[in-house]
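Enquirer: Whatever this is, show me its structure:
(one chain, ligands or ions: 1)
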Amino acid sequence: MRGKFITIEGTEGVGKTTNIEFIQAWLDGKNLPFVCTREPGGTPLAEQIRELLLAPREEVVSSTAELLLIFAGRAQHLHQVIEPVLAEGAWILCDRFTDATYAYQGAGRNMRTDLIAELELLVQGSLRPDLTLILDIPVELGLKRASDRSEPDRFEQEQVEFFERVRQGYLAIAAADPDRCVVIDASLPLEAVQRQISVALEAFWFSSEESG
Ligand code: TMP
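Expert: Residues are numbered from 1 along each chain as shown. Below is the predicted model:
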């Protein structure tokens with residue numbers, strides 16, 4: 001049986017790393033074989049593309065160049081990792097996927113979503129995540145957490161208004177696709193955040209067992 005594809009999304013500083021560890025422990029607890037990966041990245045080539053994308057630079061990066069680099073990495077990641085793993089029956093837990101492109105490049109950079117959808121079709125065909133957890137917190141709080149952690153990358157150097165658009169982009173995706181997406185209030189204490197994640201995972205697990 002084909003594995004399930006779970007993605008985790010959110011703006012900067014929402015706590016993806018800690019919560020990915022929590023989801024990994026949940027998958028282990030269910031004895032489910034899985035591969036944890038990320039975007040941009042996930043293969044040697046796609047990790048090099050990630051470095052190109054995240055490096056702060058003086059040259060202004062065109063939004064189109066950024067979008068194509070993201071989908072180039074995604075094509076490689078799908079071919080090398082995501083598709084074969086799912087086909088073997090293991091699960092994929094991916095730190096960001098195409099919802100990030102709609103949120104960051106679409107909403108954040110005001111790129112046309114119909115063009116993003118064309119690239120999505122080219123690169124993924126009909127493949128979509130089975131479950132997406134969107135960690136949501138007020139932008140200012142997330143940026144504060146992210147800046148306490150490391151030097152800002154090229155995306156983290158953006159203005160607050162950019163991240164407001166990204167956040168609203170994610171919330172719009174969740175509203176449009178409520179069967180797949182669960183919004184998690186990540187501004188609460190960690191225990192409460194993880195309780196919400198557990199509920200979402202158990203509900204997803206139950207429905208995927210039901211459907212066979
Ligand atoms: P990370 O810091 O969460 O690992 O993600 C790296 C950055 O890449 C993050 O600022 C969001 C950005 N990004 C996009 O702009 N579009 C995408 O499609 C993906 C996957 C990430």
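Enquirer: any idea how far Gly108 is from Val160?
Expert: With the distance defined as Cβ to Cβ, to the nearest Å, Val160 ends up 12 Å from Gly108. Yep, even glycine has a C-beta here, placed from its N, CA and C like the rest.
Enquirer: Identify the residue nearest the geometric centre of the chain.
Expert: Closest to where the C-alpha atoms of the chain average out (Cα atoms, centre = their mean) is Arg96, at 1.6 Å.
Enquirer: For the residue lying closest to that one once chain neighbours are set aside, the count of nearby residues, please.
Expert: Leaving aside its sequence neighbours, Arg96 sits nearest to Glu39 (Cβ to Cβ, 6 or more residues apart in numbering; 4.6 Å). Glu39 has 22 neighbouring residues, counting by other Cβ atoms under 10 Å.
Enquirer: Gly3 too?
Expert: 19.
Enquirer: neighbouring contacts of the lengthiest helix in the chain?
Expert: Ranked by number of residues, the top helix in the chain under DSSP state H is helix 190-210. Residues from elsewhere that reach helix 190-210 (Cβ atoms under 8 Å, 6 or more residues apart in numbering): 4, 6, 15, 18-19, 22-23, 26, 30, 130-131, 133, 135, 182, 184-186, 188.
Enquirer: again, only this time at 6 Å
Expert: With contacts defined as Cβ atoms under 6 Å, 6 or more residues apart in numbering, helix 190-210 is touched by 22, 26, 131, 182, 184, 186.
Enquirer: Restricted to buried residues, select the residues you listed in PyMOL.
Expert: Restricted to buried positions by 16 or more other Cβ atoms under 10 Å, the PyMOL selection for the contacts of helix 190-210 reads:
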select buried, resi 26+131+182+184+186
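Enquirer: In strands, which of the contacts of helix 190-210 appear?
Expert: Among the contacts of helix 190-210, DSSP state E puts 131, 182, 184 in strands.
Enquirer: how close does the second one sit to the ligand?
Expert: Which is Val182. Distance, Val182 to the ligand, using Cβ to the nearest ligand atom, to the nearest Å: 18 Å.
Enquirer: List the buried residues in the helix-or-strand element of the chain with minimal mean pLDDT.
Expert: Lowest on mean pLDDT, DSSP states H and E among the helices and strands of the chain sits helix 139-149, with a mean of 89. Applying a neighbour-count criterion of 16+ other Cβ under 10 Å, one finds 139, 142-143, 146 buried in helix 139-149.
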